[in-house]
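Asker: Need a 3D model of the sequence below.
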Amino acid sequence: MITLRKAGERGHAQHGWLDSWHTFSFADYYDPKHMGFRSLRVINEDRVAPGKGFPTHPHRDMEIVTYVLDGALEHKDSMGNGSVMRSGDVQRMSAGTGVAHSEFNGSREEPVHFLQIWILPESRNLTPGYEQKHFSKEERQGTFKLVAARDGANGAVVVHQDMKLSAGLFAAGERANYALSPGRHAWVHVARGQARVNGSELSAGDALQVSEEAELEVVGVNDAEVLLFDLG
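Answerer: Numbers count the residues shown, from 1 in each chain. As a prediction, this is how the structure comes out:
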């Protein structure tokens, strides 16, 4: 069973310095039909103006994954971590018993475009943790590269939940197949460009909710960047 979630159906917040689209209910956007999917709770597509950002604020009991599309995102947290993330960087922050962090556009000239993803952890009160890795275009081109997983396989960042997040870049005509084990579910999110997934035409911001399917076929239509969540 495959259900299409169009980009324009998402929640939208425009704060001047922040343009944010919410795949699932978040902040002032509430839709009881879209509270998350399996352990996937949030996908926010954020564009932050130069020099602006989110001042220090707390989180707990959440796995927060940040995937940068364009620009420079500056991160600081109460664990002492500080970094500037760019395209291809994936960061995982386990909020656990409690952590505070800030995210700012690291450029005074260019906007930053990124996805903030929240995963419900497999247990509460985990020890807070942080990890960041870079995945090159070559690793992701024409295939699905594992970038986050519970076991940290193949260099992926570790997420404390039974899920796998893979990312792929697909030029026109490039294709990849992804097998889903029995009882698994998937959320497929097109971050940019256009792709065809099991016959469905998807543009930037569109997504598919997938259950009871054995395999997904992704075909690039126009320089697509696709995230695939394999969920228990």
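Asker: which strand in the chain runs the most residues?
Answerer: Secondary structure of the chain per DSSP state E: the longest strand is strand 215-231.
Asker: That one pairs with which strands?
Answerer: strand 163-170 (antiparallel), strand 175-179 (antiparallel), strand 185-197 (antiparallel) (DSSP bridges).
Asker: Can you tell me which of the ones you listed is most buried?
Answerer: Counting by mean count of other CB atoms under 10 Å, strand 163-170 has the highest mean neighbour count of those, with a mean of 24. C-beta coordinates here come from the backbone N, C-alpha and C atoms, glycine included.
Asker: quick one: average pLDDT of that one?
Answerer: The average pLDDT for strand 163-170 rounds to 98.
Asker: For that strand, what is the distance to the chain centroid?
Answerer: 9 Å (CA atoms, centre = their mean, to the nearest Å).
Asker: Stretch 155-163 now?
Answerer: With CA atoms, centre = their mean as the basis, stretch 155-163 stands 13 Å off its chain's centre.
Asker: pLDDT below threshold where in this protein?
Answerer: Within the chain, not a single segment meets pLDDT under 70.
Asker: Where do the helices of it begin and end?
Answerer: Using DSSP state H, the helices of the chain run over 137-140.
Asker: What is the neighbour count of residue 51?
Answerer: Residue 51 is flanked by 12 other residues according to other CB atoms under 10 Å.
Asker: Could you pull up the contacting residues of residue 165?
Answerer: Neighbour list for residue 165: 65, 117, 146, 147, 148, 149, 156, 159, 227, 228, 229, 230 [criterion: CB atoms under 8 Å, 6 or more residues apart in numbering].
Asker: out of those residues, which are buried?
Answerer: 65, 117, 146, 147, 148, 149, 156, 159, 227, 228, 229, 230 (16 or more other CB atoms under 10 Å).
Asker: Which single one of these is nearest to residue 140?
Answerer: Of all those, residue 140 sits closest to residue 147, with 8.3 Å by CB to CB.
Asker: does that closest one really touch residue 135, like I thought?
Answerer: Yes - using CB atoms under 8 Å, residue 147 is in contact with residue 135, at 5.5 Å.
Asker: Overlap in contacts, these two.
Answerer: Common neighbours of residue 147 and residue 135 (CB under 8 Å, 6+ apart) are 90, 167.
Asker: picking up where we left off before, distance between the longest strand of the chain and the chain's centre?
Answerer: Taking CA atoms, centre = their mean, the mean C-alpha location of strand 215-231 is offset from the chain mean by 13 Å.
Asker: Buried residues of that strand, list them for me.
Answerer: Result for strand 215-231 [16+ other CB under 10 Å]: buried residues 216, 218-221, 224-231.
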